[in-house]
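Peer 1: after the sequence you'll find the predicted model.
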Amino acid sequence: WHVEQSFRMSKSDLKARPIFHRKRDAIEAHLTIIMAALALQRTIEHKTGITLKRFVKQLRIVRSGIVVIDNKEYPAPAVMSEEIARLLNKLKPTH
C-alpha cells in the first residue's frame, strides 16, 4: 500500500501528469525529477513526523533577503519560530 500511496501522491501533489514530452530522454528526465521529489517528500515526512503539506505551510512564512541602501547591501536573515527551527533541525544529517 505504500507504493500505491506514493504513486497517488506523485500524480496529484507533484503534478506528474499529464506528461507532454515526446522523446525518451525528456520523459525519463521528467520521471527522474518526480521520483526525486517523492524521495524528498518521504524523507521530510519520516524525519519531521508531519505531512509535506503541513511542513510547506509552516515554512512558507519564513523569508530572508538583501536590503540595498545607498548601493550598499545588507543581509536580512530569516526570522523563524522555535517550532520551525525544530523542524529544520530534524532534517540535518545525523552522521
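Peer 2: Received the coordinates, thanks. The model shown is predicted, which means the values in this text are computed figures rather than measured ones.
Peer 1: most remote residue from the protein's center?
Peer 2: Asp70 (35.4 Å; Cα atoms, centre = their mean).
Peer 1: the helix or strand containing Thr32 - contacts with which helices or strands?
Peer 2: Using DSSP states H and E, Thr32 falls within helix 24-48. In this structure, helix 24-48 makes packing contacts with helix 2-12, helix 52-59, helix 82-90, judged by 3 or more Cβ pairs under 8 Å, 6 or more residues apart in numbering; DSSP states H and E. In this view, the C-beta of every residue, glycine as well, is placed from N, C-alpha and C.
Peer 1: so how many other residues sit close to Val79?
Peer 2: Using other Cβ atoms under 10 Å, Val79 is surrounded by 10 other residues.
Peer 1: which strand or helix spans Arg22?
Peer 2: Secondary structure (DSSP H and E) places Arg22 outside all helices and strands.
Peer 1: from Ile34, how far out is it?
Peer 2: As judged by Cβ to Cβ, to the nearest Å, Arg22 and Ile34 stand 17 Å apart.
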